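J.: this is the structure alone, sequence omitted:
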């Protein structure tokens with residue numbers, strides 16, 4: 001099986017007159033393949049967040065149980081992204097991405113096919129186990145994409161191109177909300193009582209279709225297509241080189257010790273990523289449950305809010321990358337600081353929407369309308385601003401290592417983001433706090449995380465100046 005994932009050998013160089021045409025065509029294909037592939041991974045990752053209100057209503061789980069089950073994806077993904085990052089640096093990106101996506105979709109679909117009983121503890125245990133599998137398989141998504149972007153796009157174009165590419169996960173997350181709403185409608189018309197099952201089944205089926213498209217579009221490296229390395233093609237050579245050459249396999253110990261463990265800037269970036277991810281998932285994943293439990297929005301309205309929150313990130317990520325390239329010469333820390341400050345403002349508006357509406361409204365009807373408007377605005381502002389730092393933090397890590405260490409660097413930074421920021425802080429702690437102390441305390445935690453992220457991002461300014 002290991003040999004199946006081995007990267008393809010370099011082909012003889014194409015005739016000089018064909019290189020430019022083939023390079024342009026292949027760059028577009030691999031970009032779109034990795035874009036759609038990573039978007040598809042998000043169709044089979046956060047499904048439980050949208051199914052949870054219906055499962056809670058049916059008495060299958062409670063909020064604490066949902067927090068535990070959702071944390072499984074993050075825990076497994078944190079370690080998987082790191083380990084799979086080093087494996088993907090020595091694997092065919094095309095096979096790696098597609099196999100992981102198909103297996104993720106099959107596993108997530110199975111959650112919607114299981115006949116759950118009245119025993120909540122057993123239900124949580126089963127879902128937790130399946131989410132662990134999904135989380136581990138999800139780790140096969142980003143690393144091959146990082147490998148593809150590092151090999152097919154050179155350093156001076158990477159921050160902007162990867163900012164565009166990074167909108168794939170916001171497109172996927174936003175589309176998940178719309179697909180679930182559509183699936184619930186279809187299941188309802190079919191007379192299926194537990195319509196929340198659509199959240200697992202419908203997006204998974206679409207993800208499998210997209211995996212077929214990815215197989216057609218993706219290729220591992222330019223050399224495997226008879227093309228020269230991207231640095232030579234664009235005459236843009238990276239400032240960080242591997243001791244053994246950019247295309248050679250590097251032992252994991254060397255990858256981790258020489259390029260990650262001894263690099264203090266990677267550690268700072270990883271810590272900042274943890275708090276960026278706490279806000280990212282602490283807001284997005286709990287929004288449907290919070291909005292419905294507090295009677296702020298209906299299920300359809302909260303699904304729409306979830307979708308808009310993610311779709312806003314498409315534009316925000318591109319703008320953040322453009323600002324990095326246009327005004328800061330590709331540096332990532334300055335726009336990260338600006339955007340995380342805006343995230344803090346959006347979080348305060350989202351949290352205090354009811355109090356602001358009470359101050360502005362003259363009657364209950366107007367108060368409800370203003371509250372919903374402010375919630376939409378707050379979530380859209382957070383979504384617009386949070387995904388730029390999510391993208392640029394990873395790009396900071398890529399820029400500090402050679403190309404054949406890209407997956408390992410991304411995996412290490414992702415380990416902090418998903419294990420500490422997502423699994424521990426945004427799932428386990430926020431779920432327990434929401435259950436025992438109420439939602440207001442969770443918002444205090446989110447605001448504190450935004451401030452810490454700003455401080456840590458500011459501490460990485462020196463690395464980019466150097």
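T.: Nice, I can see it. The structure displayed is predicted, hence computed values, not measured ones.
J.: what segments of this structure are strands?
T.: Counting by DSSP state E, the chain forms no strands at all.
J.: now tell me which helix or strand of it has the poorest mean pLDDT.
T.: Taking mean pLDDT, DSSP states H and E as the measure, helix 252-256 is the helix or strand of the chain with the lowest mean score, a mean of 65.
J.: so, low pLDDT: which residues of the stretch 201-350 of the chain?
T.: By pLDDT under 70, the low-scoring segments of the stretch 201-350 of the chain are 237-256, 258-259.
J.: please name the nearest non-neighbouring residue to the most centrally placed residue in the chain.
T.: In the chain, the residue lying closest to the centroid (CA atoms, centre = their mean) is residue 169, at 5.4 Å. Of all residues not flanking residue 169 in the chain, residue 42 sits nearest, at 4.9 Å (CB to CB, 6 or more residues apart in numbering). Glycine gets a C-beta too; all of them are placed from N, C-alpha and C.
J.: OK, contacts around residue 111?
T.: For residue 111, the contacting residues are 47, 48, 127, 130, 200, by CB atoms under 8 Å, 6 or more residues apart in numbering.
J.: gap between it and residue 203?
T.: According to CB to CB, to the nearest Å, residue 111 and residue 203 sit 11 Å apart.
J.: between those two, what contacts are shared?
T.: Residues within reach of residue 111 and of residue 203 at once, by CB under 8 Å, 6+ apart, are residue 47.
J.: surely residue 345 touches residue 381?
T.: Yes - assessed by CB atoms under 8 Å, residue 345 is found in contact with residue 381 at 6.9 Å.
J.: more neighbours, the two?
T.: In this view residue 345 and residue 381 are compared by other CB atoms under 10 Å, and residue 381 has more residues nearby, 20 against 14.
J.: please verify my assumption that that one contacts residue 348.
T.: No - in this structure residue 381 lies outside contact range of residue 348 using CB under 8 Å: 10.1 Å.
J.: check what pLDDT the residue in the chain sticking out farthest from the centre gets.
T.: Taking CA atoms, centre = their mean, the residue of the chain most remote from its mean C-alpha position is residue 362, at 41.0 Å. With respect to pLDDT, residue 362 scores 77.
J.: and it, how far from residue 58?
T.: Distance, residue 362 to residue 58, using CB to CB: 39 Å.
J.: which parts of the stretch 251-400 of the chain are helices?
T.: Secondary structure of the stretch 251-400 of the chain, counting by DSSP state H, counting those that start in this stretch: helices at 252-256, 264-284, 287-293, 299-327, 333-351, 353-360, 364-399.
J.: oh, I was asking about the stretch 1-150 of the chain
T.: Using DSSP H, counting those that start in this stretch, the helices of the stretch 1-150 of the chain run over 16-41, 47-57, 63-88, 93-111, 120-138, 142-152.
J.: redo the ones you listed as CSV? Include mean pLDDT and distance to residue 188.
T.: Output for the helices of the stretch 1-150 of the chain, formatted as CSV (pLDDT from 0 to 100; distance: least, CB to CB, whole Å):
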stretch, mean pLDDT, distance to residue 188
helix 16-41, 93, 25
helix 47-57, 90, 11
helix 63-88, 82, 22
helix 93-111, 94, 19
helix 120-138, 93, 23
helix 142-152, 85, 35
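J.: tell me which of the ones you listed sits most buried.
T.: Sort these by mean neighbour count, taking mean count of other CB atoms under 10 Å, and helix 142-152 sits at the top with a mean of 28.
J.: contacts for that one?
T.: Here helix 142-152 has contacts from 26-27, 30-31, 34, 37-38, 81, 84-85, 87-89, 91, 93-94, 96-97, 158, 161-162, 165, 218, 220-222, 229-230, 394, 398, 403, 406-407, 410-411, 414, using CB under 8 Å, 6+ apart.
J.: burial count for residue 423?
T.: Residue 423: 26 neighbours (other CB under 10 Å).
J.: show me what contacts it?
T.: 71, 73, 74, 75, 78.
J.: swap in residue 335?
T.: Contacts for residue 335 (CB under 8 Å, 6+ apart) come out as 320, 323, 324, 328, 388, 389, 392.
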